[in-house]
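Novice: Predicted model follows, preceded by the sequence.
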Amino acid sequence: MSRFMFPPRLTSGFRQTCKTFCAAAQNSVHIQHKLDLYAQGFTETATLDLMDFFSKRSSFKKLVSMWQSDFHVNTIFQEAVAAAATRGTQYMKCGLLWMVTDDGNLFTRECNTNSKLSWTWPGRSLSFMPYELKSVMVDPLQDLVVVAFDHDSWVIVDNVEDHHIFQLDFFRLLSSQHQVPKCASLDCRHTFDAPGTYVVAVKKPAICGDRVVVPYHTSPEWDMLIKVIDLRKECRWATSYYLGLKGRDLRSFHLVDEWTLLVISLDGFITLYTLQEPNALPRRRITYLLPKLYRNLVVHATPSFYGLANHPDLIPGHVPSLESQILVLETISYQQSDIIMVIDMVIFSDKALHSETHVEIPWSDWGPKHTCCFPHHPSHLISVFGSKMAYALPQYCTPTPGHILEALPTDGRFYVHIWDFNQRSIARSESINSPGLLIRKPGRLAKMYYEKEIISNHPYTATVCHASFSTRDFRGLFLEGDRLTLTWNRPDTVEIQIVSPVA
């Protein structure tokens, strides 16, 4: 039997056709992967550079499959660490927990499964007499601790330019656990208009990439300013900028990235500034008017992963894109009228950043479409990562308009609910009628919370963890990618538990 053979020219054509088909198929898979990343609100980082495409794809699919329905969890880290009591705020980023204890010491604890280092820095090693320690901020990505000091008041005897007002000290964080290696000090100065006695109030610094921003204001006018420090210049470059508002009106500020700053005011507005370089004034781009707040504010947002990092190995392989993130304003008055407001950060995207003239947007033009509002009580802790919010609640409780959320019992149980506000993901789920995914809308918030009713039609999905946790001494809740970290302040110890959804 003779063997059939194709002519060489035809064989070459077949090979070329197969190569073209394979390349097109591979290109189609890569395009689909990018579309999926966009829909789920993630971007890939350099951490994944050494992985092949199919490993990246598998890691991404595993990540997005979590929190999709009511879930069980595995405990991947649990330990009680000796630490002094603290009533202050706890912080976490990239698996590092830190807090300033009541005795003035800085406590830090690495909670990664392959590293269990903890240490306490004595407050006296961070202090600088005769200044008063005002605030401490930590960024493990930059291997950095920023400490702010100032006096309660300054007497200005003449109109001297660049008068010293407060000091910033910079320490290395992860380089040494046995001492506090100071890497730089910065003498922050200010020019006053006339002789007299002035009070300087310094707010907590914010760190993003190579940039540190420190808000402060001075009496008697209480003009709000920021100091901008460029870490690439060895902490020698710092410039003051006026923001055009009064410091006493400031309720909070949030550094979105190295170039974008949000200022939230008591008068009820969120203003977006862009920071220019070099030595150019911040640009006030756009202001979003809020219902009048009349109360204290706590801002919950995703930690920043933008900019260069001294420890790039700590950056997750997938981080939330800016346009997919949420910003949560928690109003705290310790009364029954507390609420949380969830804001879609797509409103702070490129279009707003490039507005050439300052624009004010009334609430009715953006609030109902881009926010959700819920009754709240501060005992129900909150954490934000990307488009998701972790919320400590009773198992079958979803705060809805008209519902007064009671405080968590001091000796009871709570469950962690995960709410996802990713509108692209929700739209896709609705189009394919995804089973088991509960989509909700918050509806109308009654006048008892604000001067007028707040209407919101922003949908979200809701899931809940099957495991319950103790409310006794419950202190911290942190959502980071595929991990939930919970902390309890026991006598002389901090108990830490990290759980992850069962795949």
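Specialist: Noted; the coordinates are in hand.
Novice: Going by secondary structure, T400 is in what exactly?
Specialist: Using DSSP states H and E, T400 is not contained in any helix or strand.
Novice: Report the separation between it and P375.
Specialist: According to C-beta to C-beta, to the nearest Å, T400 and P375 sit 7 Å apart. Glycine gets a C-beta too; all of them are placed from N, C-alpha and C.
Novice: the more surrounded of these two?
Specialist: Between T400 and P375, counting by other C-beta atoms under 10 Å, P375 is the more crowded of the two (22 against 15).
Novice: What's opposite the more buried one in the beta bridge?
Specialist: For P375, the beta-bridge partners under DSSP bridges are I339.
Novice: Please list all residues in contact with it.
Specialist: Applying C-beta atoms under 8 Å, 6 or more residues apart in numbering, we find P375 in contact with 338-339, 399-405, 445, 449.
Novice: Am I right that P368 falls within a strand?
Specialist: No. Read with DSSP: H, G, I helix; E, B strand; the rest coil, P368 is helix and lies in no strand.
Novice: residues near it, how many?
Specialist: Neighbour tally, P368, other C-beta under 10 Å: 16.
Novice: Can you give me the pLDDT of it?
Specialist: With respect to pLDDT, P368 scores 83.
Novice: got it, and G443?
Specialist: We have a pLDDT of 63 for G443.
Novice: Ok, C22 next?
Specialist: C22 carries a pLDDT value of 62.
Novice: Same question for the one 5 residues further on.
Specialist: The model reports N27 with a pLDDT of 63.
Novice: could we number from 47 for the rest of this?
Specialist: Fine by me, first position is 47 from now on; the one you just mentioned is N73.
Novice: Averaged pLDDT, the strand or helix carrying V430. What do you get?
Specialist: V430 is part of strand 428-431, with elements assigned from DSSP H and E. Mean pLDDT, computed over strand 428-431, is 96.
Novice: what does it rub up against?
Specialist: Contacts of strand 428-431 (C-beta under 8 Å, 6+ apart): 346-348, 366, 371-374, 376, 386, 435-438, 523-527.
Novice: least trustworthy helix or strand in this structure by mean pLDDT?
Specialist: helix 169-172 (a mean of 56; mean pLDDT, DSSP states H and E).
Novice: where are the low-confidence patches of the stretch 247-396 of the chain?
Specialist: Applying pLDDT under 70 to the stretch 247-396 of the chain flags residues 279-284, 292-295, 323-326, 338-341, 378-382, 396.
Novice: Please enumerate the helices of it.
Specialist: 396-399 (DSSP state H, counting those that start in this stretch).
Novice: Strands along that one, start to end?
Specialist: In the stretch 247-396 of the chain, the segments counted as strands under DSSP state E, counting those that start in this stretch are 252-254, 257-264, 269-276, 283-292, 296-303, 306-311, 315-320, 329-335, 342-346, 364-366, 372-378, 385-390.
Novice: Sheet partners, orientation included, of the fourth one?
Specialist: Paired strands of strand 283-292, with direction, are strand 269-276 (antiparallel) (DSSP bridges).
Novice: report the angle between the axes of the partner strand and strand 315-320?
Specialist: 30 degrees (axes from the mean of the first three to the mean of the last three C-alpha atoms, to 10 degrees).
Novice: follow-up on the earlier one: got the strands of the stretch 247-396 of the chain as a markdown table, with mean neighbour count and distance to A129 columns?
Specialist: Below are the strands of the stretch 247-396 of the chain laid out as a markdown table (neighbours: other C-beta atoms under 10 Å; distance: least, C-beta to C-beta, whole Å):
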| stretch | mean neighbour count | distance to A129 |
| --- | --- | --- |
| strand 252-254 | 22 | 23 |
| strand 257-264 | 22 | 27 |
| strand 269-276 | 20 | 30 |
| strand 283-292 | 16 | 33 |
| strand 296-303 | 20 | 27 |
| strand 306-311 | 22 | 32 |
| strand 315-320 | 21 | 36 |
| strand 329-335 | 19 | 40 |
| strand 342-346 | 16 | 23 |
| strand 364-366 | 23 | 29 |
| strand 372-378 | 22 | 25 |
| strand 385-390 | 24 | 29 |
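Novice: of the ones you listed, which approaches N503 most closely?
Specialist: Among the strands of the stretch 247-396 of the chain, the nearest to N503 by C-beta to C-beta is strand 385-390 (12.0 Å).
Novice: Dump the strands of the stretch 247-396 of the chain to a markdown table, plus distance to F153.
Specialist: Compiled in a markdown table, the strands of the stretch 247-396 of the chain are given as follows (distance: least, C-beta to C-beta, whole Å):
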| stretch | distance to F153 |
| --- | --- |
| strand 252-254 | 19 |
| strand 257-264 | 22 |
| strand 269-276 | 25 |
| strand 283-292 | 28 |
| strand 296-303 | 24 |
| strand 306-311 | 29 |
| strand 315-320 | 33 |
| strand 329-335 | 37 |
| strand 342-346 | 21 |
| strand 364-366 | 27 |
| strand 372-378 | 24 |
| strand 385-390 | 28 |
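Novice: For T539, find the nearest of those.
Specialist: With distances scored as C-beta to C-beta, the stretch of these nearest to T539 is strand 342-346 (25.7 Å).
Novice: and that closest one, how far out from the chain's middle?
Specialist: Centroid separation between strand 342-346 and its chain, computed with C-alpha atoms, centre = their mean, to the nearest Å, is 12 Å.
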